[in-house]
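In: What follows is a predicted structure for the sequence shown.
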Amino acid sequence: MEGVRRVTTQTFRQMKARGVPIAVLTAYDYTMARILDRAGVDALLVGDSASNVIAGHETTLPITLDQMIYHAQCVVRAVKRAFVIVDLPFGSYQGNSQEALVSTIRVMKEAGAHAVKIEGGRTAVRAIENISRSGIPVMGHLGLTPQSIYHFGTYKARGKNPEEAEQLREDALELQKAGCFAVVLEKIPASLAREISTSLMIPTIGIGAGNACDGQVLVTHDALGLSTDFNPRFVRRYANLTDVTTKAVENYVDNVRNRTFPSPEESY
Ligand code: KIV
């Protein structure tokens, strides 16, 4: 990847202006991040979904800032082109806007990330303003915000009634005003996501929000068929790596048992 041009927040603005959709996937480790970067993904999100797909927790709440920084370091080391965004985990920014900035600075300094993502609408505005005023790009996240699962009590789609839809429209504008360079719209009606995407100057990145968003994001483990027990309608499986891996490993176990591995050519 000699001479590759790095993706920046300016690239995203230009892509929105030209109507070129932005492709985003999550990444948590060096090996996968290297593959995704080389395959042309524009941005890698070190999501707090690591709490689910890497650590096996039921929610995203337990993952810590130190753990997010570790994942981000692994991803940043692999990437030559993609823009790396890191989720601020639950408990690392809600206290006040100074706490949010201190956590962000740790992510930027210790991992070498390019931006952070924060969940929430008007409640997150102060934190977003403080971070973006310090010259650090912030991505917003509206709609289904998994860190608030115990407040909502369900992972159902958001913005389906007029009041909630209006709140999301207003929150999106607030996030733009606060300085976000982009905003994730998770699990909201496609018509509402289209409306919000048209009303904003900054790109929207959808997950379960229809195809009118300025870009799309999926959890890589879902897209590659590694997390088979999570089957919402918005996930498209681009591969079945659970099947591929299971067959390969069964074959390996078999070869070890019958002593066909290693062969003389694979021995010294
Ligand atoms: O943590 C994550 O993976 C996310 C995406 C689902 C947007 O926030």
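Out: Arrived safely.
In: can you list the residues of the chain near the ligand?
Out: 26, 45, 47, 48, 49, 87, 184, 186, 207, 217, 219 (CB under 6 Å from any ligand atom). In this view, the C-beta of every residue, glycine as well, is placed from N, C-alpha and C.
In: In the stretch 51-200 of the chain, which residue sits closest to the ligand?
Out: residue 184 (4.9 Å; CB to the nearest ligand atom).
In: What ranges in this protein fall below the confidence cut-off?
Out: By pLDDT under 70, the weakly predicted segments of the chain are 1-2.
In: all strands for it, in order.
Out: 22-26, 43-46, 83-87, 115-117, 138-143, 182-186, 204-207, 215-218 (DSSP state E).
In: Direction included, what does the last one pair up with?
Out: Here strand 215-218 has these sheet partners by DSSP bridges: strand 22-26 (parallel), strand 204-207 (parallel).
In: What residues sit buried inside stretch 14-34?
Out: Neighbour counts over stretch 14-34 (16 or more other CB atoms under 10 Å) mark 15-16, 21-30, 32-34 as buried.
In: Just give me the closest of those to the ligand.
Out: Once CB to the nearest ligand atom is applied, the member of the buried residues of stretch 14-34 that ends up nearest the ligand is residue 26, at 4.5 Å.
In: Show me where this protein has its helices.
Out: 9-18, 30-38, 50-53, 65-78, 97-106, 125-133, 149-152, 162-178, 190-199, 220-223, 241-257 (DSSP state H).
In: Figure out which of those is closest to residue 234.
Out: Closest to residue 234 of the helices of the chain, according to CB to CB: helix 220-223, at 9.1 Å.
In: Could you report the distance from the nearest residue to residue 62 once chain neighbours are set aside to residue 228?
Out: Closest residue to residue 62 apart from its sequence neighbours, by CB to CB, 6 or more residues apart in numbering: residue 51 at 5.7 Å. The gap separating residue 51 from residue 228 is 18 Å, by CB to CB, to the nearest Å.
In: higher neighbour count, those two?
Out: residue 51 (24 against 13; other CB atoms under 10 Å).
In: give the contact list for the more buried one.
Out: Contact analysis of residue 51 by CB atoms under 8 Å, 6 or more residues apart in numbering lists 57, 59, 60, 61, 62, 63, 89.
In: gap between the fifth one and residue 142?
Out: In this structure, residue 62 lies at 23 Å from residue 142, with CB to CB as the measure.
In: out of these two, which sits in the busier spot?
Out: The residue with more neighbours, out of residue 62 and residue 142, is residue 142; 27 against 15, by other CB under 10 Å.
In: thought the more buried one was touching residue 121?
Out: Yes. Taking contacts as CB atoms under 8 Å, residue 142 lies within contact range of residue 121: 5.8 Å.
In: Cheers, nothing more for now.
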